[in-house]
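A.B. asks: A predicted structure for the sequence below; I have some questions about it.
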Amino acid sequence: VQIEIINTGSELMLGRVLNTHQQWLCRQLADLGYTVTRQTAISDEAPQIQNVVREALARADLIVVTGGLGPTSDDRTRELVAELAGAELVCDDEVLRRITEFFTSRKRPMPESTKVQALVPRGAQVLMNAHGTAPGLVMEIPAEKFRPAPTLLVMLPGPPRELRPMFTAQVVPLLQTKLPCESEFVCRTLKTTGLGESRVEEIIAPELKHLTDAGLELGYCARIGEVDVRFVGRGCGAQQNVAEAESIVRRLIGDRVFGVDDEQLETVIVRLLTERKQMLALAESCTGGWIANRITNVPGASAIFWGGAVSYANDAKLKFLGVQEQTLATHGAVSEETAREMAEGARRASGADYAVSVTGIAGPSGGSDGKPVGTVFIGLADGTRSRAYKFLNRYDRETFKYVTSQQALEILRRALVAGTQPALT
Ligand code: ATP
Ligand code: MG
């Protein structure tokens with residue numbers, strides 16, 4: 001199946017908007033076993049849009065055009081594509097009714113220009129828009145018009161919150177009936193943390209050789225603070241090969257695998273604590289609340305998150321967390337002892353089952369020979385004891401905060417799953 005994506009919008013050309021549709025659509029299609037063969041981004045100008053769509057019609061089985069279905073004068077995709085296909089635009093009463101309803105239910109006046117969105121190329125299928133007024137459109141371009149075979153041409157609205165649900169709920173089922181994948185397809189990602197990309201490969205690749213030789217695709221994606229291991233299997237036996245590869249990787253580095261597919265570390269933490277009916281408290285210095293932010297991004301966090309202190313100044317560590325003045329004077333704010341007392345203090349104040357603390361030197365200044373920029377101590381206290389782990393994270397400030405939050409969450413995850421201790425790095 002030849003698939004082409006065309007993203008329209010002058011804002012893309014001007015660098016005002018990142019073309020996230022390109023990545024999102026390719027990802028959705030790839031996960032279903034379809035490979036996109038070409039992507040084009042173009043401005044809103046009429047000749048551009050028509051030229052690009054005409055060229056794609058000569059090649060592709062499926063074309064997805066995004067953007068330009070709205071009511072303003074720069075939204076011309078519908079009209080230009082209809083003209084190219086030789087289809088007359090007709091008013092769709094149901095769409096018009098829905099647009100009118102959209103405005104009346106919000107008690108807003110309906111601008112005359114919005115009516116243009118009820119125009120539909122004759123014969124096109126309408127994809128109702130649950131989150132806006134512009135419907136999506138599907139045209140079946142018959143064989144022999146632009147090439148010997150027919151083409152499915154899908155037009156989707158530009159705003160991501162309208163395009164994404166429309167694609168998932170309406171385009172995917174259509175695709176699976178009109179252009180089904182010829183063979184079995186399985187894609188599985190294991191998310192790991194704590195090992196570098198090359199180290200992961202070194203450990204797992206030799207053990208997977210019989211599967212990769214037989215056609216299993218093995219890919220790595222290094223992200224900040226984590227490495228994804230991705231398996232893609234196609235054709236007969238794909239499911240079985242991917243399952244075998246997964247069990248091999250879990251046997252080799254299972255303690256480093258924190259999740260699968262799109263799972264994030266904070267989601268895993270919330271799930272584990274919820275299962276155990278346990279609570280978490282935080283004491284954050286150099287991450288400035290970043291860990292709390294990640295935890296509270298997860299729905300259901302209130303069941304497991306007590307709260308935390310952003311204890312940045314020494315005085316805050318004393319007053320919020322009860323860190324001893326003596327400890328700060330002797331060992332400094334960035335030290336194993338302080339990290340432990342911060343965690344203990346947060347646990348004492350909250351009564352939570354676990355408290356995690358972080359203290360470190362984000363830089364660019366503030367480092368010393370003994371404690372260079374990037375030094376971080378992460379403390380963990382449970383009911384019985386506290387420990388602290390040392391890391392050296394040499395990044396810009398924002399990356400530093402993210403990586404540190406990742407390490408802190410991983411320390412907690414490992415304590416939760418097996419009582420295993422993370423290796424000191
Ligand atoms: P509207 O009714 O909002 O005008 P539309 O279908 O006409 O919808 P556009 O005008 O092309 O869509 O885009 C609307 C907004 O959607 C853009 O301002 C932009 O924020 C977002 N958008 C459009 N195309 C993309 C893209 N390729 N990637 C990410 N965001 C996009
Ligand atoms: Mg628009």
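C.D. replies: That came through, no problem. Treat the numbers as computed from the prediction; the structure is a model and nothing was measured. Ligands and ions are numbered 1, 2, ... in the order given.
A.B. asks: In this protein, which residue is most central in space?
C.D. replies: The residue lying closest to the centre of the chain (CA atoms, centre = their mean) is residue 262, at 6.7 Å.
A.B. asks: Reduced to three states, what does that one come out as?
C.D. replies: Counting by DSSP: H, G, I helix; E, B strand; the rest coil, the backbone at residue 262 sits in coil.
A.B. asks: Specify the local secondary structure of the closest residue to residue 76 other than its chain neighbours.
C.D. replies: Distances taken as CB to CB, 6 or more residues apart in numbering put residue 68 closest to residue 76, at 5.7 Å, once the chain neighbours are dropped. Backbone N, C-alpha and C define where each C-beta goes, glycine included. The three-state assignment at residue 68 reads coil, by three-state DSSP.
A.B. asks: Now do residue 68 against residue 39, distance only.
C.D. replies: Separation of residue 68 from residue 39 (CB to CB, to the nearest Å): 16 Å.
A.B. asks: ok, now residue 106?
C.D. replies: From residue 106 across to residue 39, the span is 35 Å (CB to CB).
A.B. asks: Please identify which of these two sits among more neighbours.
C.D. replies: residue 39 (17 against 9; other CB atoms under 10 Å).
A.B. asks: what residues are up against that one?
C.D. replies: Residue 39 sits next to 4, 5, 6, 7, 22, 26 when contact means CB atoms under 8 Å, 6 or more residues apart in numbering.
A.B. asks: Need phi/psi at residue 222.
C.D. replies: phi -90, psi 120 (degrees, to the nearest 10).
A.B. asks: and the residue of the stretch 51-200 of the chain found nearest ligand 2, how many neighbours?
C.D. replies: Going by CB to the ion, ligand 2 is nearest to residue 70 of the stretch 51-200 of the chain, at 3.1 Å. By the criterion of other CB under 10 Å, residue 70 has 22 neighbours.
A.B. asks: Please apply the same query to residue 302.
C.D. replies: 10.
A.B. asks: and it, that one's in a helix?
C.D. replies: Yes. With three-state DSSP as the criterion, residue 302 is part of a helix.
A.B. asks: gap between it and residue 296?
C.D. replies: Taken as CB to CB, the span from residue 302 to residue 296 is 8 Å.
A.B. asks: who's in contact with the helix or strand containing residue 28?
C.D. replies: Of the helices and strands defined by DSSP states H and E, residue 28 is found in helix 20-31. Contact with helix 20-31 is made by 3, 5, 7, 35-36, 39, 41, 64, 66-67, 156, 158, 160, 163-164, 167-168, 172, 187, as judged by CB under 8 Å, 6+ apart.
A.B. asks: what comes up buried for that helix?
C.D. replies: 21, 22, 25, 26, 28, 29 (16 or more other CB atoms under 10 Å).
A.B. asks: CSV please, covering those and showing pLDDT and distance to ligand 2.
C.D. replies: Below are the buried residues of helix 20-31 laid out as CSV (pLDDT from 0 to 100; distance: CB to the ion, whole Å):
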residue, pLDDT, distance to ligand 2
21, 97, 13
22, 97, 17
25, 97, 18
26, 95, 22
28, 93, 22
29, 94, 24
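A.B. asks: longest helix of the chain?
C.D. replies: helix 397-418 (DSSP state H).
A.B. asks: Alpha carbons of stretch 22-35, as CSV, please.
C.D. replies: Taking Å, rounded to 0.1, in the frame of the first residue of the first chain, the C-alpha atoms of stretch 22-35 are listed here in CSV:
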residue,chain,number,x,y,z
GLN,A,22,3.6,14.3,10.2
GLN,A,23,5.0,12.4,13.1
TRP,A,24,1.7,11.5,14.8
LEU,A,25,0.1,10.1,11.6
CYS,A,26,3.2,8.1,10.6
ARG,A,27,3.3,6.7,14.1
GLN,A,28,-0.3,5.7,14.1
LEU,A,29,0.0,4.1,10.7
ALA,A,30,3.2,2.3,11.5
ASP,A,31,1.7,0.8,14.6
LEU,A,32,-1.1,-0.6,12.4
GLY,A,33,1.4,-2.1,9.9
TYR,A,34,1.2,0.6,7.2
THR,A,35,4.4,2.4,6.1
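A.B. asks: does residue 283 sit in a helix, a strand or a coil?
C.D. replies: strand.
A.B. asks: Contacts for stretch 399-411, please.
C.D. replies: 193-194, 224-226, 258, 265-266, 269, 286-288, 290-291, 294, 356, 358, 360, 362-363, 374, 376, 378, 380, 389, 391, 393-395, 422.
A.B. asks: Mind checking which of those are buried?
C.D. replies: Neighbour-count burial (16+ other CB under 10 Å) applied to the contacts of stretch 399-411 gives 193-194, 225-226, 258, 265-266, 269, 286-288, 290-291, 294, 356, 358, 360, 362-363, 374, 376, 378, 380, 389, 391, 393, 395, 422.
A.B. asks: Residue 186 bridge partners, please.
C.D. replies: Note on residue 186: beta-bridge partners by DSSP bridges are residue 233.
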